[in-house]
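Would you be able to build a 3D model of this:
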Amino acid sequence: MRRLRRCKIIATIGPASASQAILAALFQAGADLFRINMSHAAHDQMREQVRMIRAVEEEFGRPIGILLDLQGPKLRIGAFKDRAIKLAKGATFTLDSDPTLGDQNRVCLPHPEILRALEPGHTLLVDDGKVRLHVVAADATRAEAIVDVAGEISNRKGVSLPDTEIPVSPMTEKDRADLEAGLEAGVDWVAVSFVQRPEDVVEVKKLTRGRALVMSKIEKPQAISRLDEIVEVSDGLMVARGDLGVEMPLEKVPGLQKRINRTARRLGKPVVVATQMLESMITAPVPTRAEVSDVATAVFEGADAVMLSAESAAGQYPVEAVATMNKIAEEVERDAYYRGIINAQRATPEATGADAIANAARNVAETLDLKAIVAWTSSGSTALRIARERPEAPILALTPNRETAGRLAVVWGVHSVVTQDALDVDDMADRAVKFAALEGFAQKGDRIIIVAGVPFGSPGATNMVRIAFVDADAG
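Model (predicted):
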């Protein structure tokens, strides 16, 4: 099941893909990870989905990653006497702490933390930005606003606040319960919604205690303003373009996607591009040309993974959507311009021995036309450092930990194999050669480069490089 592309594919599970047979078909079509959206999954559903994914993993003998996507806080207005109202441009409308039913002039905003944080000039977006207002006066109990974009608003529609940093945790009680259930079930990654500052990520990492890696969803302007700090404390990033496009002008999102992608790569963190990538395939068997170009742009940029949401969760063509994304990625990576674009984005290695070795391994592999870079890795850090270099040679990660293999399923160019740790340097080289041949990366007479840390099994101790020949007995 070796993939013929470096960029990974994430497929969201939902009603259209909630059977083991469909999950197996999605994996065969190209899915490397499966996303479980806790906005729509109860704990029993989630556990059953994890069980099915692990069964598929067992069936094909390949590690598959599982991403648990937490819902995060849902900020909503209250209800109206007549269910809905229409607001005209220029009208004055008040949001307040009064729990009584709303009318044409006001409605309850049952979030005191928002009322305390709002200031004159701040923007309020209701129902994914369909109605836009700006605050002209505010105190701890009410905010008076003017309607800038007219429209209808109805009971309990969502509120977005692009100008306001809200002093609220990204973790609700539901999220904490969902997280614990997911960790007990054995998920590999946790995606965190509503991230505004690095402290939000640190809070979640304290709860996970290393049992899963934490992916920050970049979907708020506040996160963009502190992007480097958030990337620094995160294990990975998701460009959540849907919410980002609600809270910021749509025309800014493509540039932000590139900025987030390059920041993550510079700091050696995997980055996922998400939302509406093949949206038309929810109801059509083929995508639009614009969607193909959108996916291709993310692959050209060197994103670690591209993600399908409703296309695989609720669409009529889930397997076809994954297969289409797979074909696009393969074709882009064969394109004559691809390698030049990837190389142009290469960042200077960090001033550490491990990063210097990863950079050197890429240089040696390209200079000598080696067939693979084989990384012995306990925690996954060696493979991550090599992937940051975006080498031409494929990356084969050998790890004694199934958890590490699952976590590396989202990382650009990494093909993981679970095997016992190397016993000594000779065993390290012998089995690296063996697996390179078995997994289809090299054949007799080829050479590979091996990167490892000595003593073996010490996380983060990348300190050794060796070139080895593949002989007739390999495999």
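
From here on, just use CA atoms for contacts and neighbour counts.
Will do.

So if we follow the domain assignment, how does the protein break up?
8-72+170-334, 84-160, 353-469 (automatic domain parsing).

any chance of those in CSV, plus mean neighbour count?
Below are those laid out as CSV (neighbours: other CA atoms under 10 Å):
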stretch, mean neighbour count
domain 8-72+170-334, 20
domain 84-160, 18
domain 353-469, 21
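
Figure out which of these is closest to residue 347.
Judged by CA to CA, the one of these that comes nearest to residue 347 is domain 8-72+170-334, at 5.5 Å.

what mean pLDDT does the closest one have?
Across domain 8-72+170-334, pLDDT averages out at 97.

Check the separation of the first and last residues in it.
15 Å (CA to CA, to the nearest Å).

if we can go back for a sec, with distance to residue 341 as new columns, can the domains of the chain be given to me in JSON lines?
Formatted as JSON lines, these follow (distance: least, CA to CA, whole Å):
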{"stretch": "domain 8-72+170-334", "distance to residue 341": "7"}
{"stretch": "domain 84-160", "distance to residue 341": "35"}
{"stretch": "domain 353-469", "distance to residue 341": "11"}
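
closest to residue 345 out of those domains?
Among these, domain 8-72+170-334 sits nearest to residue 345 (CA to CA), with 7.4 Å.

Can you give the distance of that closest one from its chain's centre?
Offset of domain 8-72+170-334 from its chain centre (CA atoms, centre = their mean, to the nearest Å): 4 Å.

Kindly report the same for stretch 169-176.
Here stretch 169-176 is found 19 Å from its chain centre; the criterion is CA atoms, centre = their mean.

List the contacts of it.
70-73, 192-195, 200, 204 (CA atoms under 8 Å, 6 or more residues apart in numbering).

Give me the phi and psi for the residue nearest to residue 280 when sequence neighbours are not counted.
Nearest non-adjacent residue to residue 280, counting by CA to CA, 6 or more residues apart in numbering: residue 287, 5.7 Å away. Torsion angles at residue 287 (phi, psi; degrees, to the nearest 10) stand at phi -90, psi 170.

repeat for residue 229
phi -70, psi -40.

Please report how far it lies from residue 201.
Taking CA to CA as the measure, residue 229 falls 10 Å from residue 201.

returning to what we had before: between the domains of the chain, which one is closest to residue 342.
domain 8-72+170-334 (6.2 Å).

where along the stretch 301-450 of the chain do the strands fall?
Listed in chain order, the strands of the stretch 301-450 of the chain (DSSP state E, counting those that start in this stretch) span residues 305-308, 373-376, 395-399, 414-418, 447-453.

export these to a markdown table and tack on distance to residue 328?
Converted to a markdown table, the strands of the stretch 301-450 of the chain look like this (distance: least, CA to CA, whole Å):
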| stretch | distance to residue 328 |
| --- | --- |
| strand 305-308 | 11 |
| strand 373-376 | 25 |
| strand 395-399 | 21 |
| strand 414-418 | 19 |
| strand 447-453 | 28 |
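
Residue 6: which of the ones you listed is closest?
Residue 6 lies closest to strand 414-418 among the strands of the stretch 301-450 of the chain, at 7.2 Å (CA to CA).

now for that closest one, which elements pack on it?
On a contact count with 3 or more CA pairs under 8 Å, 6 or more residues apart in numbering; DSSP states H and E, strand 414-418 meets strand 395-399, helix 402-407.

Which residue, other than its chain neighbours, is closest to residue 380?
Using CA to CA, 6+ apart and skipping the chain neighbours, the partner closest in space to residue 380 is residue 404 (5.8 Å).

coming back round to it: from the contacts of stretch 169-176, which land in strands?
Cross-referencing the contacts of stretch 169-176 against strands under DSSP state E gives residue 192.

tell me which of the contacts of stretch 169-176 is nearest to residue 159?
Distances from residue 159 to the contacts of stretch 169-176, taken by CA to CA, are shortest for residue 73, at 10.9 Å.

quick one: contacts for the closest one?
If you count contacts by CA under 8 Å, 6+ apart, then residue 73 has 170-172, 193-194 around it.

Could you report the separation of it from residue 158?
Distance of residue 73 to residue 158, computed by CA to CA: 11 Å.

again with residue 259
When residue 259 is compared with residue 158 (using CA to CA), they lie 28 Å apart.

what do you get for residue 114?
Per CA to CA, residue 114 is found 13 Å from residue 158.

Quick one, grab the pLDDT at the residue lying closest to residue 432 once chain neighbours are set aside.
The shortest distance from residue 432 to any non-neighbouring residue, by CA to CA, 6+ apart, is to residue 374 (6.4 Å). At residue 374, the model reports a pLDDT of 98.

before we move on, what about residue 453?
Looking at residue 453, its pLDDT is 82.

With adjacent residues omitted, what lies nearest to it?
Nearest in space to residue 453, with sequence neighbours left out and distances taken as CA to CA, 6+ apart, is residue 462 at 4.0 Å.

Now for residue 470: which residues touch it?
433-434, 437, 442-448.
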